[in-house]
Structure formats: structure tokens, C-alpha cells
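**Student:** Pasted the sequence and its predicted model underneath.
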Amino acid sequence: MTDSVTIYGIANCDTIKKTKQWLTEHEITFKFHDYRKQGLNPALLSNWVNDLGWDLLVNRRGTTWRQLSDLVKTTIDKESAIQIMLDNPAIIKRPLLVKGDERHVGFSAANYHQIFESK
């Protein structure tokens, strides 16, 4: 039985576009969940934070992070990170790929080859 694959992100993200292209070229069926259009379930985000850590999920390189106040950036913790991600889902590193029970953050062709090598 094949694990279902879902990628989470925002549609206009270049990394999401690369991810979709890679999955399509490798004939991997996937669902795409757009945070901006479909929202983000707080319980799901909490599970990701518990499994992966909030520090891995928060993208500190993007404009959303840079727009946060210095106070918010220096005092961020698990609870505030979750609220920031719920309020600003574009701050979540992309893509977040869920394959069955596995979760992977970011895209690289080499990593995706390993994730899907049994295909």
C-alpha cells in the first residue's frame, strides 16, 4: 500500500513549484494544501511542532520573519511560535511534506530521491 503524500505551503512559492514539478516528473501522486486558501489547523500545527520542533518550522530567512518586531524575534518560544505560524503561515518553511507518518521540511532533489526511493 502506498503512503499518501501531501505537501503544505503557499502556491506562489518557488520552492513549492519546484517540489510539485519534481513529484509530477517522478509520477508521485500528491495533494497540495495551500495555507492561504485552505487555512492551517491548529491541532495539526501543534503535532508538527511536537514532532519536528518549532525552530525547524519557522523560516528565519523570509520577509515574514524580517517584518516581525525585534522583541517578538528575541522572545519567541514554542507557544508564541505556534501563534505566529497560525497568524502568518507564510513564515513556515516550505514545503512541509507529509508521507504517511513521515514529515519532511524543505526540498532538495537528493532528499526526495531518498524519501521516495522505494517507488
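**Tutor:** Now that the structure is in, tell me what you want to look at. Here the structure is a predicted model, which is why all the values come from computation and not from measurement. Numbering: from 1, shown residues only.

**Student:** Spell out for me which residue occupies the centre of this protein.
**Tutor:** Among the residues of the chain, the one closest to the centroid is L96, at 2.7 Å (Cα atoms, centre = their mean).

**Student:** Just list whatever residues bridge to the spatially closest residue to that one that is not a sequence neighbour.
**Tutor:** Nearest residue to L96 in three dimensions, chain neighbours excluded: Y8, at 4.3 Å (Cβ to Cβ, 6 or more residues apart in numbering). Where you see a C-beta, it was placed from the backbone N, CA and C, and this is true even at glycine. Here Y8 shows beta-bridge partners H33, L96, assigned using DSSP bridges.

**Student:** which residues touch Y8?
**Tutor:** 33, 35, 92, 94-98 (Cβ atoms under 8 Å, 6 or more residues apart in numbering).

**Student:** do that again at 10 Å, thanks
**Tutor:** Y8 makes contact with 16, 31-35, 38, 40, 44-45, 48, 89, 92, 94-98, 103, 105, according to Cβ atoms under 10 Å, 6 or more residues apart in numbering.

**Student:** ditto for L52
**Tutor:** Here L52 is in contact with 93, 96, 103-105 (Cβ under 10 Å, 6+ apart).

**Student:** what do you get for K37?
**Tutor:** Contact partners of K37, counting by Cβ under 10 Å, 6+ apart, are 10-11.

**Student:** and with 8 Å instead?
**Tutor:** Counting by Cβ under 8 Å, 6+ apart, K37 touches A11.

**Student:** Kindly report the same for I76.
**Tutor:** By Cβ under 8 Å, 6+ apart, the contact list for I76 reads 54, 58, 84.

**Student:** The residue lying closest to K78 once chain neighbours are set aside: neighbour count?
**Tutor:** The shortest distance from K78 to any non-neighbouring residue, by Cβ to Cβ, 6+ apart, is to W54 (5.2 Å). Other residues within reach of W54, judged by other Cβ atoms under 10 Å, total 21.

**Student:** Just read off the phi/psi values of W54.
**Tutor:** The phi/psi pair for W54 (degrees, to the nearest 10) reads phi -60, psi -30.

**Student:** Quick check, it in contact with I84.
**Tutor:** No. Counting by Cβ atoms under 8 Å, W54 does not reach I84; the two are 9.0 Å apart.
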